[in-house]
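> generate a structure from the sequence data that follows.
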Amino acid sequence: MEAYFIGIDIGTQGARIALLDHEGHLVRSVEEVFPLSESSREEQSPIMWWHSCLKSLQQLASEADEEVLKNVVSIAVTSTSGTVIPLDKNNEPVHNAIMYSDQRSSMVAERCTKAALKYHNKGFTAFNSSTGLAKMVWFVETYPAKVNQIDKWVHAADYITGKLSNIWGVSDYTNAFKSGFDVADFYWPAYLYEELPLKKEWLPKVYPSGEVIGQIDRELASLLGLPSHVKITTGVTDGCASQIASGAMNVGDWNTTIGTTLVVKGVTKNEVLDPLGRIYSHRHPEGFWMPGGASNTGADWVTQEFAADLISLNEQAASLFPTGYLNYPLLQKGERFPLNAPQALGFKVDGLTRAEEFTANMEGVAFIERYAFELIEALSNEKVDRVFTAGGASNSEVWLKIRANVLNKPIYKMKHVSGAVGAAILAASKTHFDNLTEATKALTVIESEILPEKELVDRYQLIYLRFIALLQEKGFLTPQ
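Numbering: from 1, shown residues only. From the prediction side, this is the model:
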């Protein structure tokens, strides 16, 4: 039977809509760009989001065949983690959305962490300025005159979900996680409203991502030419949506996204507890765990130093690896994952040609990725079986080959890895399929598979051990 699913991604710089069919084909995609400024990194208008979203949905509907629209089954939303909005009793914003990238709540975040460690020392306790909890507390203390207007707090994805369904006060595990929700025992801890200036009634009901909460608003369905029985599900954070789109949703599967930074996310049977706070664990809709960590090392060095001649550099790199050089392309001071090293500084071998430096930098990032997986295996006592990849770095065939051989693991690159596609797969997970694992398997399409080669694996093993020894020598990594 023909079936279609819509995924909506509200990002910092735009709204993206994806229409996916039941075989994983991307039928249509639409994007609406938001103007980005310094102020928009702190606050944005949720009403503007919805207008952009609605405009994009109307464009999608106008371009799709009528028969396709008749067979749309469900819709799900993803958006930025940690972005929150206070709503009044009419579900109108009391204030603009406070963006995840807003740093004004940094001092408040320290108090939230202290309260969590004192009164609820389990699960996620490392609240910083990018978390929803810190922003909610900051807002209440900064705008006391608006407190009486607040009826509920919602996350960015919750707001768009509410506009689609007219169902409010509902969130999901991934969005509620960094607002203080206990994803192990499924409740809002009392310290949030007894020790911090929040109210219990402000906090949403929380369900697994992809849970059906209702149907599309009838007027909206009529406007878009969609059936009135289209199901609306709970949403998911943008990082988890990308993980879904990458295909890494089975136990033992991991996704590495190398964009500006290197972000690792995977699936384990048990919660991964890291005493140093480098790793945190989201909850999988099927009861598993989705641990992850974000490094300050990534591909920002490519953009800043090598963007002008990438094609030529990649061609030269193909005959240069393994280089044997030890480069660590960390552009800022300090690392948070997999090293816990605020003193860490990048380093490189002097006297290299531009192509040699480019290749050695790719290897350095691959070494950091390998150490991340070794750390995860040690903390979880579970094996990393396969690595799925996304982000700009996945467009380099040479870098993929380097990584596969450094990791000694197969790497899979999917055809469609956007957050909007991840949201569409989520929409299908409990409406057309039995669960998210089944939906991900059916709807992700492998574009390429890169397998390790024994000779290169053996050569990289020796170079990697030298790299780790150098990190230890510099004091960035404590010997195990």
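
> which residues in the stretch 101-250 of the chain form strands?
Counting by DSSP state E, counting those that start in this stretch, one finds strands in the stretch 101-250 of the chain at the ranges 152-155, 170-172, 205-207, 212-215, 231-233, 236-237.

> what mean pLDDT would you report for the fifth one?
Along strand 231-233, the predicted local confidence has a mean pLDDT of 98.

> in that strand, what counts as buried?
For strand 231-233, burial by neighbour count (16 or more other CB atoms under 10 Å) applies to 231-233. All C-beta atoms are positioned from the backbone trio N, CA, C, and that covers glycine.

> again, but for the third one
Buried residues in strand 205-207, defined by neighbour count with 16+ other CB under 10 Å: 206-207.

> quick one: strands adjacent to that strand?
strand 170-172 (parallel) (DSSP bridges).

> go on, the fourth one?
Its sheet considered, strand 212-215 pairs with strand 231-233 (antiparallel) by DSSP bridges.

> touching the partner strand from outside, list them.
Outside strand 231-233, the residues within contact range by CB atoms under 8 Å, 6 or more residues apart in numbering are 73-76, 161, 164-165, 167, 209-216, 426-427, 429-431.

> give me the buried entries from those.
Buried members of the contacts of strand 231-233, counted by 16+ other CB under 10 Å: 73-76, 161, 164-165, 167, 209-213, 215-216, 426-427, 429-431.

> partners of residue 258 in the sheet?
Legend: beta-bridge partners of residue 258 under DSSP bridges are residue 262.

> and for residue 14, nearest residue in space, chain neighbours not counted?
Here the nearest residue to residue 14 in space, its sequence neighbours aside, is residue 33; by CB to CB, 6 or more residues apart in numbering that works out to 4.4 Å.

> oh, I was asking about residue 233
residue 76 (4.6 Å).

> after the helix or strand that contains that neighbour, next one along is what?
Element membership of residue 76, judged by DSSP states H and E, is strand 72-79. For strand 72-79, the succeeding helix or strand toward the C-terminus, using DSSP H and E, is strand 84-87.

> in that following strand, what's buried?
Buried positions in strand 84-87, judged by neighbour count with 16+ other CB under 10 Å: 84-87.

> next SSE after that strand?
Next in line after strand 84-87, if elements are assigned by DSSP H and E, sits strand 97-98.

> so what's residue 369 up against?
Applying CB under 8 Å, 6+ apart, the residues near residue 369 are 256, 258, 262, 264, 403, 406-407.

> list the ones among those that fall in strands.
256, 258, 262, 264 (DSSP state E).

> list the contacts of residue 253.
Shown here is residue 253, whose contacts under the criterion CB under 8 Å, 6+ apart are 247, 266-267, 385-386, 388.

> got phi/psi on it?
Residue 253 has phi and psi values of phi -90, psi 140 when expressed as degrees, to the nearest 10.

> cool, and residue 276?
Dihedral pair for residue 276: phi -100, psi 0, per degrees, to the nearest 10.

> return the distance of it relative to residue 225.
Computed as CB to CB, to the nearest Å, the residue 276 to residue 225 distance reads 52 Å.

> from the contacts of residue 369, pick the one nearest residue 126.
Minimum distance to residue 126 across the contacts of residue 369 is 16.6 Å, recorded for residue 264 (CB to CB).

> can you show me the helices along the stretch 101-250 of the chain?
When secondary structure is read from DSSP state H, counting those that start in this stretch, the stretch 101-250 of the chain shows helices at 106-119, 132-142, 156-165, 173-177, 191-194, 218-224, 238-246.

> list the buried ones in the shortest one?
For helix 191-194, a neighbour-count test (16+ other CB under 10 Å) marks 191-193 as buried.

> what is the nearest of those residues to residue 41?
The closest of the buried residues of helix 191-194, once distances to residue 41 are taken by CB to CB, is residue 192, at 26.3 Å.

> ok, the closest one - contacts?
Each residue near residue 192 by CB under 8 Å, 6+ apart is listed here: 133, 180, 198, 200, 203.

> for these, work out which two are farthest apart.
Across these, the two members that end up farthest from each other (CB to CB) are 133 and 200, 14.0 Å apart.

> of these two, which one has the most company?
Neighbour comparison, residue 133 and residue 200: the larger count goes to residue 133, with 29 against 10 (by other CB atoms under 10 Å).

> number of nearby residues for the residue nearest to residue 306 when sequence neighbours are not counted?
Take residue 306 and drop its neighbours on the chain: the residue closest to it by CB to CB, 6+ apart is residue 358, 5.5 Å away. Close neighbours of residue 358, defined as other CB under 10 Å, add up to 27.

> centre of the chain versus the helix or strand residue 358 falls within, how much separation?
Element membership for residue 358 (DSSP H and E) is helix 354-380. Distance, stretch centre to chain centre, for helix 354-380: 20 Å (CA atoms, centre = their mean, to the nearest Å).

> show me what secondary structure element comes after it.
Going C-terminal from helix 354-380, and assigning secondary structure by DSSP H and E, you next hit strand 386-390.

> pull that following strand out as CSV, backbone CA atoms only.
Taking C-alpha atoms only, strand 386-390 is exported to CSV below (Å, rounded to 0.1, in the frame of the first residue of the first chain):
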residue,chain,number,x,y,z
ARG,A,386,29.1,-0.6,12.8
VAL,A,387,29.5,3.2,12.2
PHE,A,388,27.1,5.2,10.1
THR,A,389,28.3,8.6,9.0
ALA,A,390,26.9,12.1,8.1
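
> what packs against it?
With contacts defined as 3 or more CB pairs under 8 Å, 6 or more residues apart in numbering; DSSP states H and E, the packing partners of strand 386-390 are helix 238-246, strand 253-258, helix 397-407, strand 411-414.

> thought residue 20 was touching residue 418?
No. Under the criterion of CB atoms under 8 Å, residue 20 lies out of contact with residue 418, with a separation of 10.5 Å.

> who has more neighbours, those two?
residue 20 (27 against 22).

> quick check: that one vs residue 297, distance?
Plainly put, residue 20 is 33 Å away from residue 297 if you go by CB to CB.

> can you pull up the bridge partners for residue 328?
residue 347.

> for it, what are its contacts?
Shown here is residue 328, whose contacts under the criterion CB under 8 Å, 6+ apart are 297, 346-348, 364, 368, 467, 471.

> next: residue 186.
residue 206.

> ramachandran angles for residue 30?
Dihedral angles for residue 30 - degrees, to the nearest 10 - are phi -140, psi 140.

> can you pull the pLDDT of it?
According to the model, residue 30 scores 96 on pLDDT.

> pretty sure it sits against residue 8.
No. With contact defined as CB under 8 Å, residue 30 does not count as touching residue 8 (10.0 Å).

> overlap in contacts, those two.
Overlap between the neighbourhoods of residue 30 and residue 8 consists of 16-17, 57, taking contacts as CB under 8 Å, 6+ apart.

> would you show me how to pick out the buried ones of those in ChimeraX?
One line in ChimeraX is enough to select the buried ones among the shared contacts of residue 30 and residue 8; burial here means 16+ other CB under 10 Å:
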select :16,17,57
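
> number of residues surrounding residue 201?
Tallying neighbours of residue 201 according to other CB under 10 Å, which is how burial is gauged here, yields 10.

> gap between it and residue 108?
Taking CB to CB, one finds residue 201 at 21 Å from residue 108.
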